[in-house]
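Trainee: Attaching a predicted model along with its sequence, questions to come.
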Amino acid sequence: MSATPFQELSPLCQLPAGSTGRVCRLTGDDGFCQRVREMGFGEAALITKISGSVTSLCLVNGTRLALNHHAAMNILVERLPASAR
Amino acid sequence: MAGGPRRLVMSQLPAHITPPSPKRPAPAERAPVYAMVGNPNCGKTTLFNALTGLRQKVGNYPGVTVEKKVGIAYSQHGRPLQVIDLPGAYSLAARSPDEAVLRDVLLGRREDTPQPDRIICVVDASNLERNLYLVHQILDLGRPVIVALNMMDVAAKAGVKVDATELERVLGVPVIPCEAVHGKGLMELRLAMSRVELPLAKHSWDVPAPIAPAVAELQASLVQNDGRNLLIARAEALLLLTDFDTVRVAGSKQLSDRTHVILAQWRERWTAEQTDWSAVLIRSRYDAIQALCKNVILRGRDSKPSVSDRIDAVLCHSVWGWFVFFALMGAMFFSIFSLAEYPMSWIDGQVASLADWVKASMGEGDLRDLITDGVIAGVGGVVIFLPQILILFFFVGLLESTGYMARAAFLMDRPMSKVGLNGRSFIPLLSGYACAIPAIMATRTIENHRDRLVTILVTPLMSCSARLPVYLLMIAMVLPGEVVPPLQKAGLMLLMYALGTGGAFFFAWIFKRTLAKGGSPHMIMELPAYQRPHFFEILRHMVERGWLFLKNAGTIILAISMVLWALTTYPKHENPDATSTEQIAQSYAGRAGHAIEPLIKPLGFDWRVGIGLITSFAAREVFVSSMGVIFGVEEIDEEDTTPLREKMSQAQWPDGAPIFTPLVCLTLMIYYVFAMQCMATLAVVKRETNSWRWPLFQTAYMTGTAWIVCFIVYQSGKLLGF
């Protein structure tokens, strides 16, 4: 899979509600990145945004996750077309 | 030969055969110790409670504020099996003291807890791949493992079908499907736990080749210099090499110097190469897990919105969510303060009856007074709050059990983040409205230690129920008479609550920018699926927490009450017929009241109020009964304080000016909003922070704030002619 250009990525908090994205990059400190990967939504995971722009509510593999603004800003996703969900 | 086999007797043995030695009984083997592990929200504690029933002991791991729960389950032969309920975690890489304790116990790093012989991994069947990550790490340890495949009902509802037999085959360990909440699968789990031999896992995952030399070198050092066994050493090596920001806690054995040197060298090398081996390793594990689950998860999740999704559309809505939140919180508080009234009155009556019985049964004297005014009053002063504590814990348990509490923390995260905290601080702060003691104990759920410290420091500013008698007395003095609309009185009460809450948020903002700067600002929280509340579990939780409250607060308050009784009783007045007012004025407490009068006079308080402030250190509500003693009112009714109010409103300064003006009453209420006066809270803060530094700091900043704010209010009020 070729790397998605940085400019096409957006933070998870900016993903519109109802749309799905693929996690492409994690910024933030090592501990945060490691925890995100261990919880199963590291690079290449598919995330569906349920709601929120400050605190984000997301669905990953059937698990509902709440992320605050700082966490959501550090997860860069590539928005996928509607059929990807 | 006809018939059964012929039995030989010793005398029939040929001469060249040595008879066997007489049989000796085999030494009694220790029953295996089980550790129960799993992700948060996988039903681990429900399963632990189902296996062990009431045969549990709850304590703390020495040196660290993490709860230790040990219970006894019984094998199929009736043999007791010790089960340790370890804290929930997503991984052995520790980000919080809870996770550090889990890691240390499993790796055998704790002196106070022997390494478990066997491990029960509880996994959520509806989220198998994520849950298997921790299992995958635990299989590295080479210990016998049983996988309890829990929440099968939740998986079925979500349209997920898991083949437990296939999972058992690929993992090579027993896999027991169960639904802990309905009691299903417990028998099969007990049978598995009863087995004398358990197979070890068919764990054939290899670390990525470039990291292998580092693992091998570290593993060798851990075996030679730290006394680990081979498999544990390998698992520990993997953790050490890739877990850069790990939490270490008191009670954990230190690694040898040689191991530290090897670790530092490899980390330095990878940092220079800019290689993120942690990410590679995690990816490698998940790839292995996905391969394992290929034929295990037979039907994927339904794509249509679940019931939880539909409920969340309302409860997590940016507008409707808040309506529901405030409605629920309002209902909870109304219940705490109204439903608790009846049992509190009953307890009050029983305590008074007990004191009367002792007075009637014993002759007059100091011992009788110590028992009635020290011991009974002290214990009664704690027990009377039990109904409120239990109701609070009932609602907290109900909201947690249904899954709503996580949503509440999610909603509260945004306002909390304005002051540098996150949504997890909401539950302790909320609990502080009933009592600071269980609230401070609830801060253990906050992962970040700086956020936890700040939450502990500000929680006592939330107006607890012990302040209510003081507020009620002062409000009745500020707004006397039945003609005053209840709305005005309620408004004044709410103002005090708002001041306390505002103060908590203000100081949280300050502390997060000064003494508790930094820390991870990230919050990631799993929102479990909504489910029906399990009332038995809620009741068990209520009783457990209530007992802990009684034990912790009761012992401290009892001791302080006895000391304060002595301070208000001795030295004795020279005149044996002196009134209680004269006696208390003469006592050490009275002298202390006189001594601090210069300090509190700028706030409008005299030495009698000073005595009340001192005695409030046992418990804030003791202020009312202290005023009763000082002003010679024999029977104090907290609901009808008319006799006391009348006496207090007649109190004067030496120049004839009244002491308890409306301004002074308001100032006194504000003092009680901000001042730290509860010794029991201080003792719990000391225990939760493992230091006297923080309770002393808390006393200084809160009481200092109270003095400054009251000074401003009183002096400004006087200038304005009030």
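Mentor: That came through fine.
Trainee: and the longest helix for chain A?
Mentor: The helix that spans the most residues within chain A, counting by DSSP state H, is helix A:30-38.
Trainee: So for it, what gets flagged as buried?
Mentor: Buried residues in helix A:30-38, counting neighbours by 16 or more other Cβ atoms under 10 Å in any protein chain shown, are found at A:31-38. Using the backbone N, CA and C atoms, a C-beta is placed for each residue, glycine as well.
Trainee: for chain B, what are the nearby residues on chain A?
Mentor: Within chain A, the positions adjacent to chain B are A:28-40, A:42-43, A:50-52, A:54-55, A:57, A:61-71, A:74, A:85 by Cβ under 8 Å from any Cβ of the partner chain.
Trainee: for the chain, what are the low-confidence residue spans?
Mentor: All of this is about chain A. A:1-7, A:83-85 (pLDDT under 70).
Trainee: Please refer instead to chain B.
Mentor: For chain B, the stretches with pLDDT under 70 are B:1-29, B:58-60, B:62-65, B:203-204, B:244-252, B:299-305, B:480-486, B:519-521, B:552-553, B:632-643.
Trainee: Now the element after the longest helix anywhere in it, going C-ward?
Mentor: Among the segments of chain B that qualify as a helix by DSSP H, the longest is helix B:535-569. From helix B:535-569 onward toward the C-terminus, using DSSP states H and E, the following helix or strand is helix B:580-586.
Trainee: List the contacts of that next one.
Mentor: Applying Cβ atoms under 8 Å, 6 or more residues apart in numbering or on different chains, the set of residues contacting helix B:580-586 from outside is B:568-569, B:571-573, B:575, B:578, B:590, B:611, B:629-632.
Trainee: In what element of secondary structure is residue 70 found?
Mentor: In the absence of a named chain, this looks at chain A. helix A:69-73.
Trainee: Chain B was what I was after
Mentor: For B:V70, the enclosing helix or strand under DSSP H and E is strand B:67-74.
Trainee: neighbouring strands for that strand, and are they parallel or not?
Mentor: Strands adjacent to strand B:67-74 in the sheet, as given by DSSP bridges, are strand B:56-60 (antiparallel), strand B:80-85 (antiparallel).
Trainee: Taking helix B:535-569 as reference, get the angle to that strand.
Mentor: Regarding strand B:67-74 and helix B:535-569, their directions subtend 130 degrees when assessed with axes from the mean of the first three to the mean of the last three Cα atoms, to 10 degrees.
Trainee: Figure out how far strand B:67-74 is from the centre of its chain.
Mentor: 17 Å (Cα atoms, centre = their mean, to the nearest Å).
Trainee: that older thread, can you tell me which two in the contacts of helix B:580-586 are farthest apart?
Mentor: Of all pairs drawn from the contacts of helix B:580-586, the greatest distance, 21.5 Å, lies between B:P571 and B:F631 (Cβ to Cβ).
Trainee: The two: which has the busier surroundings?
Mentor: Comparing B:P571 with B:F631 by neighbour count (other Cβ atoms under 10 Å in any protein chain shown), the higher total belongs to B:F631, at 19 against 10.
Trainee: Would you confirm that the more buried one contacts B:L644?
Mentor: Yes: B:F631 sits in contact with B:L644 when judged by Cβ atoms under 8 Å, with a separation of 6.5 Å.
Trainee: most neighbours per residue, which of the strands paired with strand B:67-74?
Mentor: Of all these, strand B:80-85 has the most neighbours on average by mean count of other Cβ atoms under 10 Å in any protein chain shown, namely a mean of 20.
Trainee: Does the helix or strand just after that one pack against any helices or strands, and if so which?
Mentor: Remark: after strand B:80-85, the chain's next helix or strand is helix B:97-106, criterion DSSP H and E. The elements that helix B:97-106 packs onto, with contact taken as 3 or more Cβ pairs under 8 Å, 6 or more residues apart in numbering or on different chains; DSSP states H and E, are strand B:33-38.
Trainee: show me where chain B has strands.
Mentor: Using DSSP state E, the strands of chain B run over residues B:33-38, B:56-60, B:67-74, B:80-85, B:118-124, B:145-150, B:161-162, B:175-177, B:297-299, B:524-527.
Trainee: got the CA coordinates for the fourth one in CSV?
Mentor: What it means is strand B:80-85. Only the C-alpha atoms of strand B:80-85 are listed here, as CSV (Å, rounded to 0.1, in the frame of the first residue of the first chain):
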residue,chain,number,x,y,z
PRO,B,80,-10.1,-24.5,47.6
LEU,B,81,-8.4,-22.6,44.8
GLN,B,82,-7.0,-19.1,45.4
VAL,B,83,-8.0,-16.6,42.7
ILE,B,84,-6.4,-13.2,42.4
ASP,B,85,-8.5,-10.7,40.5
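Trainee: gap between that strand and the chain center?
Mentor: How far strand B:80-85 lies from its chain's middle: 22 Å, per Cα atoms, centre = their mean.
Trainee: swap in the shortest one?
Mentor: With Cα atoms, centre = their mean as the basis, strand B:161-162 stands 35 Å off its chain's centre.
Trainee: With distance to B:V162 as added columns, please give the strands paired with strand B:67-74 in a markdown table.
Mentor: What follows is these, written out as a markdown table (distance: least, Cβ to Cβ, whole Å):
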| stretch | distance to B:V162 |
| --- | --- |
| strand B:56-60 | 30 |
| strand B:80-85 | 24 |
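Trainee: closest one to B:I176 among the ones you listed?
Mentor: Judged by Cβ to Cβ, the one of those that comes nearest to B:I176 is strand B:80-85, at 14.5 Å.
Trainee: ok, residues contacting that closest one?
Mentor: Counting by Cβ under 8 Å, 6+ apart, B:31-36, B:44-45, B:48, B:51-52, B:68-75, B:105, B:113, B:116, B:120, B:193 sit against strand B:80-85.
Trainee: Could you give the number of residues near B:Y570?
Mentor: By other Cβ under 10 Å, the residues close to B:Y570 number 13.
Trainee: Isn't it up against B:S587?
Mentor: Yes: counting by Cβ under 8 Å, B:Y570 does reach B:S587; the two are 6.3 Å apart.
Trainee: Chain A: strands as residue ranges?
Mentor: With DSSP E applied, chain A shows strands at A:10-11, A:20-26, A:46-51, A:56-60, A:63-67, A:75-79, listed in chain order.
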